[in-house]
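**Q** sequence and predicted structure below; questions after.
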Amino acid sequence: MLLLSLTLSLVFLGSSWGCGVPAIKPALSFSQRIVNGENAVPGSWPWQVSLQDSSGFHFCGGSLISQSWVVTAAHCNVSPGRHFVVLGEYDRSSSAEPVQVLSISRAITHPNWNPTTMNNDLTLLKLASPAQYTTRISPVCLASSNEVLTAGLTCVTTGWGRLSGVGNVTPARLQGGSGASSCQGDSGGPLVCQKGNTWVLIGVVSWGTSDCNVRAPAMYTRVSKFSTWINQVIAYN
């Protein structure tokens, strides 16, 4: 798995117990891969999800936010019955990792998702059976609706997307950069920011330039704008 470290100048929340604290401490050195990112410490981003088809092909990322729910991007077009959530994975070339492969019972896309503008690019996945928390599998904290990001926060995006590879920023989007970038295959994955020892899900990888240009910003769905909808979906499903 690869990660990208960003410093954002943009609003922050508090976090709740039981989320956002990896049992295995991440190492942040701000250098290579994920298009100028770096290799992650195995198990240090325990909410990271790999979305795969029945052949094991990884097509998108996601974030575990509870034992039964995953957040990803709407444009990933996840289909229950055809696609699976894989938790606890690090090295996708290894068959020896203690991963959990879980079926999806429901995929609930934001009602205002617009594939033309990429606005409201968010889908919630309900797992057919609960995830079992381990040192390598645990949830991330969800940004609150009144979240504020302060200048100088450490923010990271993770995924297994390509190492190489236009639109407008809206109130429901974040832009991150520059010098490193998420790329194809990272879609739906997390942008998390650190407050103290806690990591909070701030953004969901949405889109960027077709060539994954590190000099152009990557775009993220701003989680705080959708936290009320997320909580309502979870409460009623």
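**A** On my side now, so go ahead.
**Q** could you find the closest non-adjacent residue to the residue positioned nearest the centre of the chain?
**A** With distances taken as Cα atoms, centre = their mean, P190 lies nearest the centre of the chain, 1.9 Å away. The shortest distance from P190 to any non-neighbouring residue, by Cβ to Cβ, 6 or more residues apart in numbering, is to S63 (4.3 Å). To be clear about C-beta, it is placed using only N, CA and C from the backbone, and glycine gets the same treatment.
**Q** got it, and N112?
**A** N120 (4.4 Å).
**Q** could you check how far stretch 192-212 is from the centre of its chain?
**A** With Cα atoms, centre = their mean, to the nearest Å as the basis, stretch 192-212 stands 7 Å off its chain's centre.
**Q** alpha carbons only: can I get that stretch in CSV?
**A** What follows is stretch 192-212, C-alpha atoms only, in CSV (Å, rounded to 0.1, in the frame of the first residue of the first chain):
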residue,chain,number,x,y,z
VAL,A,192,-7.3,11.5,6.6
CYS,A,193,-5.9,14.3,8.8
GLN,A,194,-4.3,14.0,12.2
LYS,A,195,-5.5,15.7,15.4
GLY,A,196,-3.3,14.6,18.3
ASN,A,197,-3.1,10.8,18.1
THR,A,198,-6.4,10.6,16.2
TRP,A,199,-7.0,10.4,12.4
VAL,A,200,-10.2,11.7,10.9
LEU,A,201,-11.7,11.0,7.5
ILE,A,202,-11.7,14.4,5.8
GLY,A,203,-12.0,13.5,2.2
VAL,A,204,-12.8,10.7,-0.3
VAL,A,205,-10.6,10.5,-3.4
SER,A,206,-12.7,11.7,-6.3
TRP,A,207,-10.7,12.8,-9.3
GLY,A,208,-7.6,14.5,-10.7
THR,A,209,-5.9,15.0,-14.0
SER,A,210,-5.8,12.1,-16.4
ASP,A,211,-2.0,11.9,-16.2
CYS,A,212,-1.9,12.1,-12.3
